[in-house]
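Peer 1: Next input, structure requested:
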Amino acid sequence: MENIRNFCIIAHIDHGKSTLADRMMELTDTVEKRAMKSQLLDSMELERERGITIKLTPVRMRWQGYDLNLIDTPGHVDFSYEVSRSLAACEGAVLVVDAAQGIQAQTLANVYLALEQNLSIIPVINKIDLPAADVQRVSAEVINLLGCKQSDIIKISAKTGQGVKQVLDAVVQKIPAPQGDVDAKTRALIFDSYYDDYRGVILYVRVVDGKISKNDAIKMLATNAHGVALEIGHLSPTMVSDPVLNTGEIGYIVTNLKTTRDAKVGDTVTLSEYFKERK
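Peer 2: This is a model prediction of the structure:
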């Protein structure tokens, strides 16, 4: 767990959040250069057409021996529920502010959500290469909002890649490793779920305690639904299967459930065997 960092990127719409995620994946060699395209984590057609993020998307990157689990979140006010779900699975957040536009309404809303969850916040000013950029004014706004020092703010251009390495280094240094009991009974938080026509219900989970292995019989505590973990793994950004998801890790579980009503967001996944013992 010492080598795991779970974080998300929060920002107002169009402040360069998805572009920063693209540069991070490039720098960490998560995606080959020839497979790289802009807004890589925005898989929906509408997201790519409009240039906005609607669905949260997790991705695992390797950086200097650390596993960085990033959850790219929407910036639009209509999707703040998606943001709150992402924050619940993380220990830290990278706050991206546009150097030309400064702090805006949704920036504030997302910051307050992150502070409520006691997350470590890394302030980043993006688009410093723009002619209209006013880094000094926006830095003052960020300092006023977060009470941080000038030296805490990382100035970057996600478009050119300038300063992005500093952001990755700050994630490793400033965001705490996840806490959890490896030997305790398995508990995993569902922060997203969707139905796949070919594979059934797929869960995105953060393992809080214990571990989940492939073919484990699982149970959702709130809905009382039982299922099987047919496949587990992480997203990089496509699905990569693993034999086990350990404490502190973020990944996916392919289940044999037939409807997402059986696996609601915010529910806890555990192992069915704990309930057999009681009987």
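
Peer 1: List of residues touching the one helix or strand Ala188 maps to?
Peer 2: Using DSSP states H and E, Ala188 maps to strand 187-196. Under the criterion CB atoms under 8 Å, 6 or more residues apart in numbering, residues 55-56, 71, 85-86, 88-89, 201-210, 212, 220, 245, 253-254, 259-260, 263-270 lie in contact with strand 187-196. (Glycine included, C-beta is placed from N, CA and C.)

Peer 1: Show me which of those are buried.
Peer 2: With burial judged by 16 or more other CB atoms under 10 Å, the buried subset of these is 55-56, 71, 85-86, 88-89, 201-210, 212, 220, 245, 253-254, 260, 263, 265, 267, 269-270.

Peer 1: Mark which of the residues you listed are part of helices, please.
Peer 2: Counted as lying in helices by DSSP state H, out of these, are 85-86, 88.

Peer 1: from these, which is closest to Ile153?
Peer 2: Proximity of these to Ile153 was ranked by CB to CB; the top entry is Ser86 with 22.4 Å.

Peer 1: pLDDT below threshold where in the stretch 151-279 of the chain?
Peer 2: Along the stretch 151-279 of the chain, segments meeting pLDDT under 70 span 277-279.

Peer 1: Just give me the neighbour total for Ile13.
Peer 2: By the criterion of other CB atoms under 10 Å, Ile13 has 18 neighbours.

Peer 1: Shouldn't it be within a strand?
Peer 2: No. Ile13 is assigned coil when assessed by DSSP: H, G, I helix; E, B strand; the rest coil, not a strand.

Peer 1: Just want the most central residue of this protein.
Peer 2: The structure's the chain has its C-alpha centroid closest to Ile71; by CA atoms, centre = their mean the separation is 1.5 Å.

Peer 1: Mind listing the residues bridging to it?
Peer 2: Cys8, Pro58 (DSSP bridges).

Peer 1: Return the per-residue confidence for it.
Peer 2: Note on Ile71: pLDDT of 82.

Peer 1: Could you do the one 3 residues further on as well?
Peer 2: In the predicted model, Pro74 carries a pLDDT score of 60.

Peer 1: try Ser43
Peer 2: 45.

Peer 1: cool, Leu40 as well?
Peer 2: 48.

Peer 1: contacts for the helix or strand harbouring Gln173?
Peer 2: Per DSSP H and E, Gln173 falls inside helix 164-174. Identification of contacts with helix 164-174 by CB under 8 Å, 6+ apart yields 5, 7, 20, 23-24, 27-28, 63-64, 66, 68, 92, 94, 120, 122, 124, 154, 156, 158.

Peer 1: Among those residues, name the ones in helices.
Peer 2: Counting by DSSP H, the contacts of helix 164-174 contribute 20, 23-24, 27 to helices.
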